[in-house]
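this one's structure only:
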C-alpha cells in the first residue's frame, strides 16, 4: 500500500517497525564491528609478550597477516552498517515526505504556513540524524560488555577498573540529560517560533519597507532571539561542562588503568603486554558513552522533531477520498451549509442553500464580513462544513480526491499567489504542461498579449515575492490558471479587484466563454459593472442568504453596501436542497 493512502497511525507504526528492524540489523553488524575491534589490542599484546620475547619474525608476520585481514573485514562491515543507516534515512524520507507535506498544507490552512515549513525542516533534520554517526553510538554501547569481559579475562582488577569507569560515565550521562534536556527543548521551540514569525513577516517585505516597520520587526525578532539564546546558552554551557568533565574523567581512568597494570606487573600477576591491551580496551569500552554525552543535543533535537512530525500526522487525519473520480458535469447543490472556524464560537456561514445548473453564472454580493470568501473556500473544498454539504453532480466537493477534483475546479482567491516557476508552469498548475491548453486559457483570460511582451514570454520565471508583475497582471495570470483545462466549476473571489476597464472587459469575456462551455461560475465582486454577466445573484448578510434569484429581479435592489432593500414579504422563498441531495447527505 502506498504511504499516501495509509492512515497516520498505520503509517507511523509501519515506519517504527521498519526503523526497529533496521536498528536490529545494524545492531547485529555492530556485534562483529566490536569483535573485530579487539584485533588491535590483542595484536599489540601478542607482539609485546611473544614477538619481542621470542624475536620471531614468522610469528610477527602471521599475527600481522591475521590482523590486516580482520581489519579489512572490519572496514567492509562498517561500510555495510553505514549503508544501513543511509537506507533507513532514505526509507524514512520516502514514506513520510508526502504525508507530512499533505498534513502540513492542511494545517497551514488553519494556522498559516509556518507549520508546513517547519514540518519539512523537521523531516530533513531527522533524516540527517539517522544517516549520521550519532545514531550508531548506542548500538556500540550495547556491545561494550565484550570489552569488559576481555578486561576481566586479562585480570579481574582490570575489569573492576572498567566497571568503575563505566559507572562514572553513566552518571555523567544521566546528569547531562537532567541538566540540558528541558532548556534545549525550550530553546528549540523558541527558535522554531522565531523562524516562523520572521518568515511570515518577510513575505510582506514591500509593506514592511514602505511603512518603516523594519525597526519594530527587528526589535520583536531580537527579543525572541534573546529568549532562545538565553536558553541555548544555558544548555550549551551545561553540556560543555559535562563534556569537559567526561574527557577529564576518561583521561584519569586511563591513568588509573596504567597504574593498576603497573602494580600487577610488579606483583608478576600479568605480563607487560596486558598493560597496553587493557588501556586500549578501556578506551573502546568508554568511547560510545563519551560520544553519547557529546551527541546528546542531537538526540534531544531529533526526538523533539519526530514528536512534532508525529503529532502533525496524527492530528491531521485525512477525510478525503483516495480513489480518483472521473470527469463529470452536473448541477451544483449547496445543502444547508453551516460553518464555524475551528476553536471559534462564531458561525460564519448559517444554513446556506441554493442550486446552480451547468452554464449558469452566480454573482455573490454582500457587505464586508458577510462570509463571501468563506463560502468560496467551502465551494472548492478547502474548508469542511460543520453541517450540510456541497455537491457537484452528487459528489461531495470536500471529500473528492484532490487530484481529480483539481481538474474539475478553477479557483481565483482574493489574494493571488504565483508559485515559483515559469508563467506557463503557473497556468498549468505545475502539472505536465499542455501548450495548447495554456495558450487557450491565456487567450480566454485576455492575458496572452501581456505575457508575449514579457522578456521570455511564457518562460518568464516568477514567484510569490516577485514585484516585476503588477497586481492586475498577477490577477489575470491567476485567472488563466483558474480557466486552465476549462473546469466544470469556477470560483472567482474579487477577480476584478486590481483590474482596469480593459481588464474587466477581458474578465467578462472569460466568464462568458466559461458559461458557453457549460461551466458553473461563481463570482464574488463589489463593482456592479461585472455583474452584468451573471444569471443569478445571491446576497449574503451575516452569513445568511438575504436574497437569491435572477439578476433581473435583484440587481436593482442592491445598495452600494451589498444589502437588499425590499419588502420582506416580497422576497422569494429561500432555495431548498433537492431530495436527491438530502438522501446523499443522510
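That came through fine. Everything numeric in this text was worked out from a predicted model, so none of it was measured.

Residue 523 looks like it's in a helix, true?
No: applying DSSP: H, G, I helix; E, B strand; the rest coil, one finds residue 523 to be strand, outside a helix.

who's in contact with it?
For residue 523, the contacting residues are 361-364, 492, 495, 511, 530-531, 533-534, by C-beta atoms under 8 Å, 6 or more residues apart in numbering. All C-beta atoms are positioned from the backbone trio N, CA, C, and that covers glycine.

Tell me which of these fall in helices.
Under the assignment DSSP state H, the contacts of residue 523 contribute residue 511 to helices.

next SSE after the helix or strand hosting residue 151?
Take DSSP states H and E as the rule and residue 151 turns out to sit in helix 145-154. Counting by DSSP H and E, the element after helix 145-154 in chain order, helix or strand, is helix 156-202.

That next one packs against which elements?
Applying 3 or more C-beta pairs under 8 Å, 6 or more residues apart in numbering; DSSP states H and E, one finds that helix 156-202 makes contact with helix 114-131, helix 145-154, helix 214-266, helix 272-294, helix 296-315.

what's the span of stretch 442-462, first residue to last?
Distance between the two ends of stretch 442-462: 16 Å, counting by C-alpha to C-alpha, to the nearest Å.

tell me the mean pLDDT for that stretch?
The average pLDDT within stretch 442-462 is 86.

for stretch 325-342, same thing?
84.

if I look at residue 80, how far off is residue 43?
Relative to residue 43, residue 80 is positioned 23 Å away (C-beta to C-beta, to the nearest Å).

circling back to that earlier point, return the list of helices and strands in contact with the helix holding residue 151.
The contact analysis (3+ C-beta pairs under 8 Å, 6+ apart) places helix 145-154 against helix 8-36, helix 156-202, helix 272-294.

Where do the domain boundaries of the protein fall?
Residue ranges of the domains in the chain are recorded as 3-315, 332-417+489-585, according to automatic domain parsing.

Checking residue 351 next. Helix, strand or coil?
strand.

Leaving out sequence neighbours, find the closest residue to it.
Sequence neighbours aside, residue 336 is the residue nearest to residue 351 in space, at 5.2 Å (criterion: C-beta to C-beta, 6 or more residues apart in numbering).

that's a helix at the one you found, yeah?
No: assignment of residue 336 by three-state DSSP gives strand, placing it outside any helix.

Spatially, which residue comes closest to the spatially most central residue of the chain, not counting chain neighbours?
Among the residues of the chain, the one closest to the centroid is residue 119, at 2.9 Å (C-alpha atoms, centre = their mean). Using C-beta to C-beta, 6+ apart and skipping residues adjacent in sequence, the residue nearest residue 119 is residue 104, 4.0 Å away.

distance of the one you found from residue 217?
25 Å.

who has more neighbours, the two?
When neighbours are counted by other C-beta atoms under 10 Å, residue 104 and residue 217 differ, and residue 104 comes out ahead with 23 against 15.

so which helix or strand takes in that one?
Assigned by DSSP H and E, residue 104 falls within helix 57-111.

Check which helices and strands that helix is in contact with.
Contacts defined by 3+ C-beta pairs under 8 Å, 6+ apart place helix 57-111 against helix 8-36, helix 39-46, helix 114-131, helix 296-315.

any chance of the ones you listed in TSV, with distance to residue 59 too?
Putting the helices and strands packed on helix 57-111 into TSV (distance: least, C-beta to C-beta, whole Å) gives the following:
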stretch	distance to residue 59
helix 8-36	21
helix 39-46	8
helix 114-131	43
helix 296-315	45
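
Of those, which is nearest residue 457?
Closest to residue 457 of those is helix 114-131 (C-beta to C-beta; 31.6 Å).

Average pLDDT for the closest one, rounded please.
Mean predicted confidence for helix 114-131 is 77.

got it, and stretch 387-398?
The average pLDDT within stretch 387-398 is 88.

Same question for stretch 367-380.
For stretch 367-380, the mean per-residue pLDDT is 88.

residues in contact with that stretch?
Applying C-beta under 8 Å, 6+ apart, the external contacts of stretch 367-380 come out as 334, 337, 339, 348-349, 352, 364-366, 383, 385, 390, 397-398, 409, 411, 413-414, 489, 491, 493, 522, 524, 540-543, 561-563.

Give me the residues contacting stretch 184-191.
224, 227-229, 231-232, 235, 297, 300-301, 304.

buried set for it?
Neighbour counts over stretch 184-191 (16 or more other C-beta atoms under 10 Å) mark 184-188, 190-191 as buried.

got it, and stretch 436-449?
Across stretch 436-449, burial judged by 16+ other C-beta under 10 Å covers 437-448.

Could you pull up the residues touching residue 428?
434, 437-438, 484.

Look up phi and psi at it.
Backbone torsions of residue 428, given as degrees, to the nearest 10, read phi -80, psi 0.

let's number from 3 now, not from 1
Okay, residue one is now 3; in that scheme the one you just asked about reads as residue 430.

I'd like the buried residues of stretch 186-193 laid out as TSV, including pLDDT.
Converted to TSV, these look like this (pLDDT from 0 to 100):
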residue	pLDDT
186	74
187	74
188	75
189	76
190	72
192	72
193	73
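
What is the nearest of those to residue 150?
Nearest to residue 150 among those is residue 186, at 31.0 Å by C-beta to C-beta.

so how far is residue 229 from that closest one?
Taking C-beta to C-beta as the measure, residue 186 and residue 229 are separated by 14 Å.

ok, and the closest non-adjacent residue to residue 340?
residue 389 (3.8 Å).

thought that neighbour was touching residue 342?
No: judged on C-beta atoms under 8 Å, residue 389 makes no contact with residue 342 at a distance of 9.4 Å.

how distant is the helix holding residue 153 from the center of its chain?
Remark: helix 147-156 is offset 47 Å from the chain centroid, using C-alpha atoms, centre = their mean, to the nearest Å.

any idea of the angle it forms with helix 158-204?
Interaxial angle, helix 147-156 versus helix 158-204 (axes from the mean of the first three to the mean of the last three C-alpha atoms, to 10 degrees): 160 degrees.

can you tell me the average pLDDT over helix 147-156?
The average pLDDT within helix 147-156 is 90.

what inclination does that helix have with respect to helix 216-268?
For helix 147-156 against helix 216-268, the angle by the same axes, to 10 degrees is 20 degrees.

that older thread, contact partners for the residue nearest to residue 340?
338-340, 353.

For it, give its distance to residue 231.
As judged by C-beta to C-beta, residue 389 and residue 231 stand 48 Å apart.

What of residue 369?
Distance, residue 369 to residue 231, using C-beta to C-beta: 47 Å.
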